[in-house]
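K.L.:
attaching a predicted model along with its sequence, questions to come.
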Amino acid sequence: MRKSISILFFILLITFSISGKMNAQEFNLEFDHHAILVQDLTESSNFYLNIIGLKEIENKTQKKHIRWFSLGGKTSLHVIEDKTHSVPDVKGVHFALSTKDLDGFIAHLRNNKVNFENWPGEPNTTNTRPDGVRQIYLKDPNGYWIEVNEN
């Protein structure tokens, strides 16, 4: 009897192990969206439209305190108004966008009097990551850090 239970347990263990591995490989997860909470929906939306240059897309929730912006492909940014939310000032927590014209984007920021800095925190300059990609960091009106690079 014990031998039968041991064999049954072994068979179940192998079955769950195999099925677990198969399921993990079948998910094919892809990035879908990033959501941020902001205190002023209009101010933040204008920043993402006019400074960052994102295209506004259909708000599928149809809620007036949320606006959606395309991040390219099937990904989006959801800007959600929440007047009580505050953002921690941590540069390491950011989202990154890339451009083929970082110098042009920097000129655009300067023309619009938007401050930016490099990773070490030096104002108005870039730095180059160890992989050879130049980058800058800036904050949106709510204090969210955004990396823009030429990857």
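P.N.:
The structure has been received and is ready for your questions.
K.L.:
wait, doesn't His85 sit right on Asp40?
P.N.:
No. Shown here, His85 and Asp40 do not form a contact pair, counting by CB atoms under 8 Å, at 11.1 Å. Bear in mind the C-beta positions are built from the backbone N, C-alpha and C, glycine included.
K.L.:
what separates the spatially most central residue of the chain from Asn142, distance-wise?
P.N.:
What sits nearest the mean C-alpha location of the chain, by CA atoms, centre = their mean, is Phe95, with 3.9 Å. Look at Phe95 and Asn142: by CB to CB, to the nearest Å, they are 13 Å apart.
K.L.:
the residue nearest to the centre of the chain: which element?
P.N.:
Assessed by DSSP states H and E, Phe95 sits inside strand 94-98.
K.L.:
mind listing what's buried in that strand?
P.N.:
Leu97 (16 or more other CB atoms under 10 Å).
K.L.:
who's in contact with it?
P.N.:
If you take CB atoms under 8 Å, 6 or more residues apart in numbering as the criterion, strand 94-98 is touched by 34, 52, 71, 77, 135, 137, 144-151.
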